[in-house]
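1. Model the structure of this input:
(one chain, ligands or ions: 1)
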Amino acid sequence: MSILPIRTYGDPVLGIATQTIDEIDGKIVALAKTMIETMYRAPGVGLAANQVGISKRMFVWDSGDGLGPRTVINPRILETSGEWTYEEGCLSVPGLSWEVVRPNKVHLVGLDLDGNELDLEVDGYHGRIFQHETDHLDGHLLLHCLTEEQALESRKEIRKIRMQTASATTPTFLGS
Ligand code: NI
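-> Okay, the predicted model is just below:
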């Protein structure tokens, strides 16, 4: 089992648009496997490559629909419709969540790990994952989706969490 550390808010790699993948080689397949293990360990329902520090356009997800973990290479959202409010969190902004309004239905295209075309029309929770992960790949964190009031509150919360973490951290953390 191999997992990678998940990058958090403030890490520059999260704010940069990821690179299109030209070739799905063994390295990409291995990365997908590691990302899936990292996602389950977190635990989370989706993980973008730049969340583990790799600036490539791919994400993994498991919406709980019984199809198990899946990977999409070079995903693009073609169309969205409707509206849905949902309490959304992010592994890169740990411990916090916000009510975020987004479109409900999502049409996503991309490739699977075998290079076959993926063409998925989903809604609800599944559609939320697609939008959240695609945002990551474009260099946008969930914090970009917040209202002004939520953003203000979140900055306070993040500061508070950081201070608690700093005071709880002993020098031995270098060994982990
Ligand atoms: Ni996230």
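2. would you list every one of the strands in the protein?
-> Remark: strands assigned in the chain by DSSP state E are 46-48, 58-61, 70-81, 84-89, 97-102, 105-111, 117-122.
3. quick one: contacts of the first one?
-> What that stands for is strand 46-48. 6, 18, 35-36, 38-39, 58-62, 91, 129, 132-133, 136-137 (CB atoms under 8 Å, 6 or more residues apart in numbering). Where you see a C-beta, it was placed from the backbone N, CA and C, and this is true even at glycine.
4. go again using 7 Å as the cut-off
-> For strand 46-48, contacts defined as CB atoms under 7 Å, 6 or more residues apart in numbering pick out Met35, Thr38, Met39, Phe59, Val60, Trp61, Leu91, Ile129, His132, Glu133, His136, Leu137.
5. Please spell out which residues along the helix or strand bottoming out on mean pLDDT in the chain are buried.
-> Every helix and strand of the chain was ranked by mean pLDDT, DSSP states H and E. The lowest is helix 148-168, at a mean of 86. Residues of helix 148-168 classed as buried by neighbour count (16 or more other CB atoms under 10 Å): Ser154, Ile158.
6. Now do it against strand 97-102: the angle between them, please.
-> In terms of direction (axes from the mean of the first three to the mean of the last three CA atoms, to 10 degrees), helix 148-168 departs from strand 97-102 by 150 degrees.
7. ok, Glu87 touching Ser97?
-> Yes: using CB atoms under 7 Å, Glu87 is in contact with Ser97, at 5.2 Å.
8. okay, and for this structure, where does confidence drop off?
-> 1, 169-176 (pLDDT under 70).
9. quick one: contacts for His126?
-> Listed by CB under 7 Å, 6+ apart, the contact partners of His126 are Ser63, Asp65.
10. Start at 243, not 1
-> Got it, the first residue is 243 from now on, which makes the last one we talked about His368.
11. Ile245 contacts Arg283, doesn't it?
-> Yes: if you go by CB under 7 Å, Ile245 and Arg283 touch, sitting 5.1 Å apart.
12. Please identify which of those two sits among more neighbours.
-> For Ile245 versus Arg283, neighbours defined as other CB atoms under 10 Å are more numerous around Ile245 (15 against 12).
13. picking up where we left off before, more neighbours, Glu329 and Ser339?
-> Neighbour tally, Glu329 and Ser339, criterion other CB under 10 Å: the higher count belongs to Ser339, 13 against 8.
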